[in-house]
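K.L.:
no FASTA, just this:
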């Protein structure tokens, strides 16, 4: 009957045993270092090779190799790096320029931008090299930003006029930002909405029924942050004039009223001109073309889109209107003015 082979025990000094035991308890050392420390301790305790093989899931040649190395070099033999790996590649200025120049041109395979792997294969370098060069240069080829430049020849004067109303509004005057959010769809989900639960987001069915659309007129009081709103089936000049009359009704008699709005054709009709003749205390300030960012009510529109419209379920046009007005009333109870600022006054707008 074959008996388990017991290897000759290794003799350890007190310092070596303490260091090896400390290594076996470490959670930060590489797994290979911990493995070798456990192996030597088992040999020092006189365990058989077969037992060590089972406990460490290893082979007899591996045990013998590390035993011999420890006997020859002691602790240094366990910690010495036998396989240092490939030397790190050096990113030269020429290589960096080559990668950056290639990144500026589109791939020839018809795709719109480079990935790090695609460009690395094209240039014969590693993807990590491409990533490091992109990171250092601040390049993100997968990202895309859009912009809209105003072509209004009178941009500077109009922008300075509106910014002045925000930063230094006329004393005792009311300043409103007015706009319409048109074609809001009253979408009704055909499948029930499944509420969120631990580990699961709220779920909506893909199928819906469209009950129709309506427009939302909104006037943001710049001083208080409160919003006055009105819904309408369409955004016409008549509806706009009617809304302006409601805005005037919110103010004191004969109070100067400044209204900031965009260049929609419905804002410049003969009916609007007649309204201004009847209300000489109302002055309209038109934003430059393609400059909706100058109108604070657009910030508020993004809020109602996120809070009510995007995930809303509306059983009818009337239900949509009711929920929009309900949100506006609740918002105005705790409204605060936007802390709006134009930080770069030297960009197309000369300082006063």
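P.N.:
Perfect, I can see it now. Computed from a prediction, not measured in an experiment: that's the story for all the values here.
K.L.:
Give me the three-state assignment for residue 217.
P.N.:
Following DSSP: H, G, I helix; E, B strand; the rest coil, we place residue 217 in the strand state.
K.L.:
So it is in contact with residue 184, correct?
P.N.:
No. In this structure, residue 217 is not within contact of residue 184 by CB atoms under 8 Å, at 11.5 Å. Yep, even glycine has a C-beta here, placed from its N, CA and C like the rest.
K.L.:
Residue 197: how many residues sit nearby?
P.N.:
Neighbourhood size, residue 197 [other CB atoms under 10 Å]: 9.
K.L.:
who's in contact with the helix-or-strand element of the chain with minimal mean pLDDT?
P.N.:
Every helix and strand of the chain was ranked by mean pLDDT, DSSP states H and E. The lowest is helix 75-79, at a mean of 76. For helix 75-79, contacts defined as CB atoms under 8 Å, 6 or more residues apart in numbering pick out 16, 19, 33, 36, 37, 40, 66, 69, 70.
K.L.:
give me the number of residues near the first one?
P.N.:
With neighbours defined by other CB under 10 Å, the count for residue 16 comes to 18.
K.L.:
Verify the stated contact: it with residue 74.
P.N.:
Yes. With contact defined as CB under 8 Å, residue 16 reaches residue 74; the gap is 7.0 Å.
K.L.:
average pLDDT across stretch 112-122?
P.N.:
Stretch 112-122 shows a mean pLDDT of 93.
K.L.:
shift numbering so it begins at 59
P.N.:
In the new numbering, first residue 59, that becomes stretch 170-180.
K.L.:
Show me what counts as buried in that stretch.
P.N.:
Neighbour counts over stretch 170-180 (16 or more other CB atoms under 10 Å) mark 172, 174, 176, 177, 178 as buried.
K.L.:
So what touches it?
P.N.:
157, 160-161, 164-165, 169, 184-185, 187-189, 192, 199-200.
K.L.:
And the furthest pair within those?
P.N.:
Based on CB to CB, the longest span within the contacts of stretch 170-180 runs between 164 and 184 and measures 22.1 Å.
K.L.:
what sits up against the host helix or strand of residue 190?
P.N.:
Counting by DSSP states H and E, the element that carries residue 190 is helix 185-195. When contacts are defined by CB under 8 Å, 6+ apart, helix 185-195 is touched by residues 147, 149, 153-154, 157-158, 161, 174-175, 177-178, 181, 198-199.
K.L.:
Just list what the helix or strand just after it packs against, helices and strands only.
P.N.:
Per DSSP H and E, the first helix or strand lying C-terminal to helix 185-195 is helix 213-225. Packed against helix 213-225, as judged by 3 or more CB pairs under 8 Å, 6 or more residues apart in numbering; DSSP states H and E, are the following elements: strand 315-319, strand 340-344.
K.L.:
Comparing those strands, which comes out most buried?
P.N.:
Ranked by mean neighbour count, these are led by strand 315-319 with a mean of 21 (mean count of other CB atoms under 10 Å).
K.L.:
what angle sits between that one and helix 213-225?
P.N.:
Per axes from the mean of the first three to the mean of the last three CA atoms, to 10 degrees, the angle that strand 315-319 makes with helix 213-225 is 130 degrees.
K.L.:
I'd like to know the average pLDDT value across strand 315-319.
P.N.:
The model assigns strand 315-319 a mean pLDDT of 95.
K.L.:
okay, the angle between it and strand 340-344?
P.N.:
Interaxial angle of strand 315-319 relative to strand 340-344 (the same axes, to 10 degrees): 20 degrees.
K.L.:
counting contacts, what elements does whichever helix or strand comes after strand 315-319 pack onto?
P.N.:
Note on strand 315-319: by DSSP H and E, the next helix or strand toward the C-terminus is helix 328-336. If you count contacts as 3+ CB pairs under 8 Å, 6+ apart, helix 328-336 packs onto helix 295-307, strand 340-344.
K.L.:
Distance to residue 207 and mean pLDDT for the ones you listed - can I get that in CSV?
P.N.:
Output for these, formatted as CSV (distance: least, CB to CB, whole Å; pLDDT from 0 to 100):
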stretch, distance to residue 207, mean pLDDT
helix 295-307, 28, 93
strand 340-344, 18, 94
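K.L.:
so can I have JSON lines of the ones you listed showing distance to residue 85?
P.N.:
Putting those into JSON lines (distance: least, CB to CB, whole Å) gives the following:
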{"stretch": "helix 295-307", "distance to residue 85": "66"}
{"stretch": "strand 340-344", "distance to residue 85": "65"}
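K.L.:
Between these, which one is closest to residue 392.
P.N.:
The minimum distance between residue 392 and the helices and strands packed on helix 328-336 falls on helix 295-307, with 21.1 Å, by CB to CB.
K.L.:
Would you map out the domains in this structure?
P.N.:
As given by automatic domain parsing, the domain ranges for the chain are 72-137, 151-195, 213-391.
K.L.:
can you map out the helices along this structure?
P.N.:
72-82, 89-102, 107-114, 118-131, 133-137, 151-161, 174-181, 185-195, 213-225, 295-307, 328-336, 355-362, 375-391 (DSSP state H).
K.L.:
hey, least reliable of these by pLDDT?
P.N.:
Lowest mean pLDDT of the helices of the chain: helix 133-137, a mean of 76.
K.L.:
Now that helix: buried residues?
P.N.:
When burial is assessed from 16+ other CB under 10 Å, helix 133-137 yields the following buried residues: 133, 135, 136.
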